[in-house]
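S.K.: got a sequence here, can you model it:
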Amino acid sequence: MQTMLNITGRVKFTITMDPTSLLFDDRKIKWEDFLNMIDHHIDFLNEEDETDTPPFKKKRRKYKREDMLTESFVIPVKPFIENAEPLEDATIVVFERQDGDHYELSLTEAKQGVFAFSYKGRALTEDGPLHFYYGNGSNKDHPVRGIQKIVIK
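M.R.: Next comes the predicted model:
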């Protein structure tokens, strides 16, 4: 299975992502915490102050080593898309999946979602490396699985 994937298409910069390294990213959220935020209508994208950006974050999530080896994690999609800097006319995101299918959604919907990259401390190897969940959790039982490439149109 391919572990690296690209964000390409109508962007200024092609971004290469390594989902296995996301475990060390401070923006990750425990799966259970994400579900609680949805249930309580908390906007997880705006949880932290916008001016408080790495490496000067005042509020960092701290996880015990045991949590990192046993918990499931998600990470917001928005920073990855914004780092690629979509062109002004870009409106669609296409997830190319390992089974050859494509899943298409609006750029706005994609930015509001999260990627799952870890399940119980393990990388998503069988149907990964990424799963996509809408920010409102509407597809929490049926995520977009097997994302191999992200194309912005």
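S.K.: where do the strands sit along the protein?
M.R.: For the chain, applying DSSP state E gives strands covering 5-9, 15-17, 29-30, 73-76, 92-97, 102-106, 114-119, 122-123, 130-133, 144-152.
S.K.: center of this structure, which residue is that?
M.R.: Geometric centre of the chain, nearest residue: F115, 2.8 Å, by CA atoms, centre = their mean.
S.K.: contacting residues for it?
M.R.: Contact analysis of F115 by CB atoms under 8 Å, 6 or more residues apart in numbering lists 19, 22, 74-77, 80, 130-133, 147. C-beta: built from backbone N, CA, C; applies to glycine.
S.K.: nearest to Y119 among those residues?
M.R.: Of all these, Y119 sits closest to H131, with 8.8 Å by CB to CB.
S.K.: name all residues that make contact with the closest one.
M.R.: 115-117, 124, 143-145, 147.
S.K.: columns distance to L5 and pLDDT on top of those, output as JSON lines?
M.R.: JSON lines is the format used below for those (distance: CB to CB, whole Å; pLDDT from 0 to 100):
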{"residue": "F115", "distance to L5": "10", "pLDDT": "96"}
{"residue": "A116", "distance to L5": "14", "pLDDT": "95"}
{"residue": "F117", "distance to L5": "11", "pLDDT": "94"}
{"residue": "L124", "distance to L5": "12", "pLDDT": "87"}
{"residue": "P143", "distance to L5": "16", "pLDDT": "96"}
{"residue": "V144", "distance to L5": "13", "pLDDT": "97"}
{"residue": "R145", "distance to L5": "13", "pLDDT": "95"}
{"residue": "I147", "distance to L5": "7", "pLDDT": "95"}
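S.K.: most surrounded residue in the residues you listed?
M.R.: Using other CB atoms under 10 Å as the neighbour criterion, F115 leads the contacts of H131 with 27 neighbours.
S.K.: and stretch 130-146, what's buried?
M.R.: Residues of stretch 130-146 classed as buried by neighbour count (16 or more other CB atoms under 10 Å): 130-135, 143-146.
S.K.: ok, of the residues you listed, which one's closest to D99?
M.R.: When the buried residues of stretch 130-146 are compared for distance to D99 (CB to CB), G146 comes out closest, at 6.0 Å.
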